[in-house]
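Engineer: here is a sequence together with a model predicted from it:
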Amino acid sequence: MITVRKSEDRGHFAIDWLDSRHSFSFGEYYDPRHLGFSALRVINEDAIAPGGGFPTHPHKDMEIITYVLEGELEHKDSLGTGSVIRPGEVQRMSAGTGIRHSEYNPSPDQAARLLQIWLLPDKQGVAPGYEQKAFPASEREGRLRLVASPDGEDGSVRIHQNTKLYATLLKAGETATLPLAGQRAAWVQVAKGNLTVNGVALSAGDGAAVTKETKLELAANDNVEVLVFDLPAPQ
């Protein structure tokens, strides 16, 4: 079963430097029908104006993944980490017992666009941690590239949750397939382009909750960029 979350139905928040679309309830946007899916708690598509960003603020007991689509994002945190995240790179921050961080667009003239993803951890009170890895386009083109997993498989970033995150870049006419084991679910988030998932049409900004399927078949109608989450079945 595939349940589509259309882009235009997402929550929306905008101020002078931020335009954000929320797939699930977040901040001032609350919808009891969309509180998360399985271990997924947040998928926000953020557009950050040049020089704008999130000032230092705290998090606790959350796995946070940042996936930059356009531009750059400058990160600083209470662990002493300082880095710049660019397209093709994945940032993982385990908030654990507590972490403070800031995220800014360092460019004077280019907007940044990214997906901010929160996953509930499989255990609380872990030590805070940070990890950032690059996954070149060549590794994501025409295939589902594992970019996050509980054991760091295949060079992916390591998360504290029984979830695997894949990224793919497909050209028109290309396909990619992901088997789903028993008692597993999936979430598909389309960053760019148009495709079908098991025959269901999805466009940029759309998400899809997948349950009781044995595999996913992604078929691109044009150039697409997609994230796929292999998740525990929802309780």
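Structural biologist: In hand now; what should we look at?
Engineer: what's the helix or strand hosting residue 57 in contact with?
Structural biologist: Per DSSP states H and E: residue 57 is located in strand 53-59. Residues from elsewhere that reach strand 53-59, judged by C-beta atoms under 8 Å, 6 or more residues apart in numbering: 17, 73-74, 76, 93, 95, 98-105. C-beta: built from backbone N, CA, C; applies to glycine.
Engineer: from the residues you listed, keep the buried residues only.
Structural biologist: 17, 73-74, 93, 95, 99, 101, 103-105 (16 or more other C-beta atoms under 10 Å).
Engineer: show me what the most centrally placed residue in the chain is bridged to.
Structural biologist: Nearest to the mean C-alpha position of the chain, counting by C-alpha atoms, centre = their mean, stands residue 117 at 4.3 Å. Counting by DSSP bridges, residue 117 is bridged to residue 43, residue 65.
Engineer: need the nearest residue in space to residue 87, chain neighbours excluded.
Structural biologist: Spatially, and ignoring its direct neighbours in sequence, residue 87 is nearest to residue 68 (5.2 Å; C-beta to C-beta, 6 or more residues apart in numbering).
Engineer: actually, residue 157.
Structural biologist: Nearest one to residue 157, counting by C-beta to C-beta, 6+ apart, is residue 92 at 4.1 Å.
Engineer: now that neighbour: phi and psi?
Structural biologist: Main-chain torsions, residue 92, degrees, to the nearest 10: phi -120, psi 130.
Engineer: if we can go back for a sec, any idea how far residue 134 is from the residue nearest to residue 87?
Structural biologist: To residue 134, residue 68 is 11 Å away according to C-beta to C-beta, to the nearest Å.
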